[in-house]
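S.K.: here are the coordinates; sequence isn't available:
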């Protein structure tokens with residue numbers, strides 16, 4: 001049965017799926033949560049805004065990188 005499954009390829013696909021499929025949305029959610037002001041404040045602090053924008057930037061770079069990867073031929 002091992003000759004039918006390439007476990008190296010399977011593990012790389014699973015890892016990429018977990019990181020990109022769950023990691024990027026989770027990072028975006030953390031950024032959204034960082035923009036919510038803490039109790040008693042009317043606006044998020046500069047540090048929280050900077051952290052949120054860094055999270056959004058990483059997500060945007062990952063999306064643009066994926067689009068560029070596919071546009072220039074993908075893995076083929």
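M.R.: Received, thanks. These figures come from a predicted structure and were not determined experimentally.
S.K.: and the longest helix for the protein?
M.R.: Across the chain, the longest stretch assigned as helix under DSSP state H is helix 46-71.
S.K.: any buried residues in that one, and which?
M.R.: 48, 51, 52, 55, 56, 59 (16 or more other Cβ atoms under 10 Å). C-betas here are computed from N, CA, C, even on glycine.
S.K.: and the residue nearest the centre of this protein?
M.R.: residue 24 (1.9 Å; Cα atoms, centre = their mean).
S.K.: ok, residue 4 to residue 10 distance?
M.R.: Note on residue 4: its distance to residue 10, by Cβ to Cβ, to the nearest Å, is 11 Å.
S.K.: equivalent analysis for residue 63, please.
M.R.: Applying Cβ to Cβ, the value for residue 63 to residue 10 is 25 Å.
S.K.: just residue 57 next, same as before
M.R.: Using Cβ to Cβ, we find residue 57 at a distance of 32 Å from residue 10.
S.K.: likewise for residue 50?
M.R.: Remark: distance between residue 50 and residue 10 (Cβ to Cβ) = 39 Å.
S.K.: just give me how far stretch 43-63 sits from the chain centre.
M.R.: Remark: stretch 43-63 is offset 12 Å from the chain centroid, using Cα atoms, centre = their mean, to the nearest Å.
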